[in-house]
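> coordinates only, sequence not included:
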RNA sequence: CCGCCCUUAGCUCAGCCCGGUAGAGCAGCCGACUGUAGAUCGGCUUGUCCCCCGUUCAAAUCGGGGAGGGCGGACCA
């Protein structure tokens, strides 16, 4: 694979790359390392899946991929996860992530998993935290974290440590590239400022888009119907996608199209399969697409109606998620221990 | 350590002073209209009123105790 192909593979389906030339240099020098961190908080969903699917691209491009299960971060962020549940949730996150990587057609064994507390308790790391804490203003830290850390009437200091620690993670994991959703942008821009003053280079950044919620607007963790969960069965998926905001001919805030572009088509391509839409003769009969772009074109033109599209998307999403769902069903203790209130032993 | 404030529907809150077993907005659900959804109309649901004890015929409301949360003061050798 030549340099241009590698760069295209690394940057496809992304929201932003900071910066393309930096990324080009890293790829020219060899096989750079890339990392993404997930704070094991609420249940993983289809949004995680899209960012994880891209790890398959990274692996294929020859990058060293590390997934950080940022357990402490999950607690620092307004105690989203109780301290006592960090281990259980970390186990669940790693297992679910591995299942998604496999479902995306890549080898989970090729990815290195690291737990935050594996290195964040070291003297060196702690000293780095104290020093960056001294150098960073409250306003700067708050601004960096604003898109990630939960807003609260009574914010804790933990939310201020959060972006500092994430910056230090880049160095501790010796990552050349920091990868994450575009909501992570503020934090990695801070990391790019801080790290050069602490004996490390500024990371290049690759940002994935955040999927729109199915009920319009942003995807919300508190809104069950706004997203497809990994545990949703076929029926639940059909119901959610069937009820999704999806104005004919419009792309803005259209989660249904985004599911196709960022998850369904990439996975189908990996498997060499095509996307089939069953449509009544009265509306023109069945359709088959090999790529997303022509489908979007037809949708924007009005040649493809949402009512015909939705059932096909639901079926495809169900197929993509099925092996992940199976893993979670086969190992019920993962969810039961991570979320005892929801899946508690009965 | 001291003082003050808050806790009522999924969310934000009103009601408490002057006891009569609970309301609004938003959300949600169901219909109508669209070949989906949304928007727009029409309709509907929801509550250990933080917990315990007491006063009373009757307590979200009054009294006492407790829990959780917030704010401020004091201490600054």
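Here it is on my side, so go on. Remember, it's a predicted structure, so these values are computed and weren't measured experimentally.
> what's the nearest residue to residue A:243 once chain neighbours are set aside in contact with, if anything?
In this structure, residue A:243 finds its nearest non-sequential neighbour in residue A:225, 6.5 Å apart by Cβ to Cβ, 6 or more residues apart in numbering. The C-beta positions use only the backbone N, C-alpha and C, and glycine is treated the same way. By Cβ atoms under 8 Å, 6 or more residues apart in numbering, the residues touching residue A:225 are A:214, A:215, A:240, A:243.
> And the third one, which helix or strand is it part of?
Here residue A:240 sits within helix A:234-242, counting by DSSP states H and E.
> Can you mark which positions in that helix are buried?
A:236, A:237, A:238, A:240, A:241, A:242 (16 or more other Cβ atoms under 10 Å).
> Check which element follows it along the chain.
Next element after helix A:234-242 (DSSP H and E): helix A:255-259.
> Tell me which residues are up against that next one.
So helix A:255-259 is contacted by A:46, A:209, A:211-214, A:219, A:228, A:241, A:244-246, A:251, A:296, A:299, A:306, A:309-310, A:313, A:317 (Cβ under 8 Å, 6+ apart).
> Mark which of those are buried, thanks.
A:46, A:209, A:211-214, A:219, A:228, A:241, A:244-246, A:296, A:299, A:306, A:309-310, A:313, A:317.
> still on that earlier bit, average pLDDT across the helix holding residue A:240?
In this model, helix A:234-242 has an average pLDDT of 93.
> Which secondary structure elements does it sit against?
helix A:306-330 (3 or more Cβ pairs under 8 Å, 6 or more residues apart in numbering; DSSP states H and E).
> Flag every residue of chain A that's near RNA strand B.
Where chain A comes near RNA strand B, counting by Cβ under 7 Å from any atom of the strand, the residues are A:153-154, A:215-216, A:222, A:225, A:242-248, A:279-280, A:283, A:305-308, A:310.
> can you confirm residue A:22 is in a helix?
Yes - under DSSP: H, G, I helix; E, B strand; the rest coil, residue A:22 sits within a helix.
> Quick one: residues contacting it.
Going by Cβ under 8 Å, 6+ apart, the list of residues near residue A:22 reads residue A:204.
> Can you classify residue A:121 by secondary structure?
At residue A:121 the chain is in coil, as set by three-state DSSP.
> And the pLDDT for it?
Here the pLDDT value assigned to residue A:121 is 96.
> With residue A:101 instead?
pLDDT, residue A:101: 97.
> these two touch, right, it and residue A:57?
No - Residue A:101 is beyond contact range of residue A:57, at 11.4 Å (criterion: Cβ atoms under 8 Å).
> domains in chain A, as residue ranges please.
Domain segmentation of chain A under automatic domain parsing yields A:3-208, A:224-343.
> So which of these is the most surrounded?
Ranked by mean neighbour count, the domains of chain A are led by domain A:3-208 with a mean of 19 (mean count of other Cβ atoms under 10 Å).
> what bits of chain A have low per-residue confidence?
Residue ranges of chain A with pLDDT under 70: A:221-222, A:344-346.
> Which residue is most remote from the mean position of it?
Centroid-distance maximum for chain A: residue A:282 at 39.5 Å, with Cα atoms, centre = their mean.
> Validate this expectation: that residue resides in a strand.
No - according to three-state DSSP, residue A:282 belongs to no strand; its state is helix.
> which residues are in contact with stretch A:325-338?
A:40, A:43, A:85, A:88-89, A:91-92, A:95-96, A:99, A:230-233, A:342-345.
> Could I get the full set of helices for the stretch 151-300 of chain A?
Under the criterion DSSP state H, counting those that start in this stretch, the stretch 151-300 of chain A contains helices at A:158-172, A:185-194, A:234-242, A:255-259, A:265-271, A:292-301.
> So which of those is nearest residue A:25?
helix A:185-194 (15.1 Å; Cβ to Cβ).
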